[in-house]
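Visitor: How does the following fold in three dimensions:
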Amino acid sequence: MIQASPYQGRRVVVLGGATGMGAAAAQAAAQQGAHVTVLDVAAVPYECDQSIAVNLRYRESVEAAIAEIKGGVDTVFSCAGVADGTPGLPQINFIAQRHFVDTLVDEGKIAAGGAIVMISSVAGARWLKDLQQTGQLVRTADWDAAETFIAEHPGSEDYRFSKQAVNFYVAARALPFVQRGIRINAVCPGPTDTPLAQANKDQWLGFGADYRAEAGVKELQPNEIASAMLFLGGPSASGVNGITLIIDHGHIGASVTDAFDSDRVKMIVGVES
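Guide: Numbering: from 1, shown residues only. Model (predicted):
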């Protein structure tokens with residue numbers, strides 16, 4: 001007996017799905033029978049049920065895009081991300097995505113039994129060590145208050161802090177969302193061969209090269225991250241909520257336990273050498 005895909009007929013929305021891990025998740029969901037809506041500032045170069053242009057730097061654009069989403073939503077993959085030096089990084093990497101997810105939930109567009117999966121990064125692995133400042137950002141009342149916080153706290157506008165905020169947000173929303181029948185989780189990929197990583201190749205793909213050589217593995221591929229995202233976003237992960245799943249071939253675990261020597265990883269995670 002052939003079992004139907006858990007994504008058959010499921011309504012999936014992918015924020016930041018034109019390329020990279022978001023595109024891999026969108027296409028994998030579609031291949032499993034989902035109805036897929038993709039939102040991005042760039043044109044979506046593959047077939048999907050609906051594509052919506054959105055500029056995550058601006059709240060008005062985000063809200064207009066939400067209004068264009070047809071029908072209800074079962075799974076949200078929130079995948080947008082830019083590198084340090086990009087104008088509007090805090091908005092793109094965190095503020096807009098928080099606003100997008102919270103609005104979908106508040107407006108009842110995500111059905112009970114639905115799921116949200118965000119993309120964080122191993123760069124945000126230190127979030128448990130920086131709870132106070134990260135929590136101040138996540139607990140801001142709205143978009144404007146979050147922008148004010150960023151402006152008043154130097155260092156909070158960088159990539160690392162944006163990913164710490166994603167991790168804190170996922171943990172903080174786990175209870176109120178599950179009370180409405182909705183789960184939220186995040187994946188924290190290590191170096192993954194995406195267009196964004198290629199544009200920052202020395203820094204992003206160079207990280208962990210010594211570990212990968214030792215382990216005999218290569219950089220992660222977008223489809224590997226997408227597979228984990230589809231698990232978290234589907235009914236098979238019904239008891240998984242509020243976690244940030246590290247996907248890095250074991251690099252962090254090996255480093256913090258001294259199975260592999262990496263003071264840099266310990267610094268990123270915030271453990272003693």
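Visitor: alpha carbons only for contacts and neighbour counts from here, please
Guide: Noted.
Visitor: For this structure, name the helix or strand with the lowest mean pLDDT.
Guide: In the chain, the helix or strand scored least confidently by mean pLDDT, DSSP states H and E is helix 201-204, which has a mean of 88.
Visitor: give the contact list for the residue nearest in space to the middle of the chain.
Guide: Residue closest to the mean C-alpha point of the chain, counted by C-alpha atoms, centre = their mean, is Ile119 at 1.5 Å. Ile119 sits next to 77-80, 186-189 when contact means C-alpha atoms under 8 Å, 6 or more residues apart in numbering.
Visitor: Show me what it is bridged to.
Guide: In this structure, Ile119 bridges to Val187 when assessed by DSSP bridges.
Visitor: thinking again about what came up before, quick one: which of the contacts of Ile119 is nearest Ala197?
Guide: Set against Ala197, the nearest of these by C-alpha to C-alpha is Pro189 (11.6 Å).
Visitor: Remind me what the least confident helix or strand of the chain packs against, helices and strands.
Guide: If you count contacts as 3 or more C-alpha pairs under 8 Å, 6 or more residues apart in numbering; DSSP states H and E, helix 201-204 packs onto no helix or strand.
Visitor: then the helix or strand that it is followed by to PDB, C-alphas only?
Guide: The element immediately downstream of helix 201-204 (helix or strand, assigned by DSSP states H and E) is helix 209-215. Extracted C-alpha coordinates of helix 209-215, given in PDB (Å, rounded to 0.1, in the frame of the first residue of the first chain):
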ATOM      1  CA  ALA A 209      36.500  23.600   6.400                       C
ATOM      2  CA  ASP A 210      39.000  22.000   8.700                       C
ATOM      3  CA  TYR A 211      36.200  20.000  10.400                       C
ATOM      4  CA  ARG A 212      34.700  18.900   7.100                       C
ATOM      5  CA  ALA A 213      38.100  17.700   5.900                       C
ATOM      6  CA  GLU A 214      38.600  15.700   9.200                       C
ATOM      7  CA  ALA A 215      35.100  14.300   8.900                       C
END
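Visitor: what does helix 209-215 rub up against?
Guide: Defining contact as C-alpha under 8 Å, 6+ apart, one finds that helix 209-215 is touched by 218-219, 249, 251, 260.
Visitor: try 7 Å
Guide: For helix 209-215, the surrounding residues in contact (C-alpha atoms under 7 Å, 6 or more residues apart in numbering) are 218, 251.
Visitor: got it, and stretch 52-60?
Guide: Stretch 52-60 has contacts (C-alpha under 7 Å, 6+ apart) with 38-41, 61-62, 65, 88, 91-92, 96.
Visitor: Keep only those of those that are in helices.
Guide: If you go by DSSP state H, the contacts of stretch 52-60 have 61-62, 65, 96 in helices.
Visitor: Out of those residues, name the two that are farthest from one another.
Guide: Largest pairwise distance in those, by C-alpha to C-alpha, is 11.5 Å, between Ala65 and Ala96.
Visitor: Thanks a lot, see you next time.
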